[in-house]
Structures are given as structure tokens and as C-alpha cells.
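**Q** Here is my input, please return the structure:
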Amino acid sequence: MSEAAHAHACAAVEAALARRFAPGAFGLVGGYWPVRREVDCLPYLDRVRCAGGEVALPAILGPRRPLQYRPWTKATPMQAGRHEIPHPAAGAAVEPEALLIPLVGFDAAGHRLGYGGGYYDRTAAALAVRPIAIGLGFELGRLASIAPEPHDWPMDYIFTEAGLVHAPEGG
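**A** Residues are numbered from 1 along each chain as shown. Model prediction:
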């Protein structure tokens, strides 16, 4: 995808996300720092803060461990973590109501394909209350099936540049 096409697609994903979940819809949203040309969720997270919500970003604490979400603002000191992904350098662990999760691929059943580390699946299993899982990806990642395994955590919602492409029945 060209830079212009990527920027346009990211803006379309953000617009669809904001139509379904207004930036003030959740008190605490867990996002991610986009790498490898993932959907850029940072503009939506800025809108969440402007609407009075709070935002957290994940820190990778080690292989085969759940992610730890920490509060984040633009002023939060960041550090490069595992895989050189920036995360808040410090902060108490928090449990977001909703998680924005990057998708490399996805299927119609809401299963996601990531980079294979299993971080989000382990995080879902470790959290006291299951957050709403919101996958953000591009149509070019749509697959017939990712051949999910029992531990794979399906997304509640998936947004692409085509809009809302997966939701619970009645959602």
C-alpha cells in the first residue's frame, strides 16, 4: 500500500470506529503503538482523551507473558521495549474496558492473525474482566479462515477501511 493509500485507509478505519464507538464511549481504552504499517489508532486515542476518556498502551514484559497496559498521554515518557515497540516507561497496570488490537489478518468469524507471539490471547486469559476486543485491520488481510486454535481469542468487532466488517449479532 502506498503512503497515501495507507493514510487514507487509516482515516477510513478511524472514522468507522468513531461512528460505532464515539471517543467518549469507554472510560479507559487500551490501544497500541502502530508498527509495520498497522492501522494507526493514535488519532482515535487522542480523540478519546479529548472526550474525557483515558488511554493505555501495552508493555511487553517478556515472551509468553500477558501484556501490561499502562496509562498513556502524549507527555508520558516512552521507552523501546521488546521488538523495539515503544511503550510507557512506567505506570501502574490498568485494565481497559475496550482494547484496540492490530490485525495482520482476520476471518468472518472474528478470529485474528497477528505476528504469532500470542500476547493478546494471553492477555485476554489473564484479565479479571474480559474487555471488548476491537480489531483494526485492512481489507487486504481478509482470509477465508485463520484456522483458529482453542486458545485464539475472537474479536468482538473488526473495522477495516470498508467499515464495520464483524460484530456480534445485534451489535
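
**Q** Quick one: residues contacting Ala133.
**A** When contacts are counted by C-beta atoms under 8 Å, 6 or more residues apart in numbering, Ala133 touches 98-99, 101, 120, 124, 153-157. In this view, the C-beta of every residue, glycine as well, is placed from N, C-alpha and C.

**Q** gap between the two ends of stretch 45-62?
**A** 25 Å (C-alpha to C-alpha, to the nearest Å).

**Q** residues making contact with it?
**A** Stretch 45-62 is touched from outside by 18, 22-33, 67-74, 81-83, 85-88, 94, 96, 100, 117, 119, 123, with contacts defined as C-beta under 8 Å, 6+ apart.

**Q** Of the residues you listed, select the buried ones using a ChimeraX command.
**A** Buried residues among these (16 or more other C-beta atoms under 10 Å), as a ChimeraX selection:
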select :18,23,26,28,29,30,31,32,33,67,68,69,70,71,72,81,85,87,88,96,100,119,123
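
**Q** residues touching Gly163, list them.
**A** By C-beta under 8 Å, 6+ apart, the contact set of Gly163 is 12, 16.

**Q** One more: Tyr32?
**A** Tyr32 touches 38, 41, 57-58, 100-102, counting by C-beta under 8 Å, 6+ apart.

**Q** coming back round to it: hmm, which of the contacts of Ala133 are the buried ones?
**A** In terms of neighbour count (16+ other C-beta under 10 Å), the buried residues within these are 98-99, 101, 120, 124, 153-157.

**Q** Any chance of those residues in JSON lines with pLDDT as columns?
**A** Output for the buried ones among the contacts of Ala133, formatted as JSON lines (pLDDT from 0 to 100):
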{"residue": "Ala98", "pLDDT": "96"}
{"residue": "Leu99", "pLDDT": "96"}
{"residue": "Ile101", "pLDDT": "96"}
{"residue": "Tyr120", "pLDDT": "88"}
{"residue": "Ala124", "pLDDT": "86"}
{"residue": "Trp153", "pLDDT": "84"}
{"residue": "Pro154", "pLDDT": "91"}
{"residue": "Met155", "pLDDT": "95"}
{"residue": "Asp156", "pLDDT": "96"}
{"residue": "Tyr157", "pLDDT": "97"}
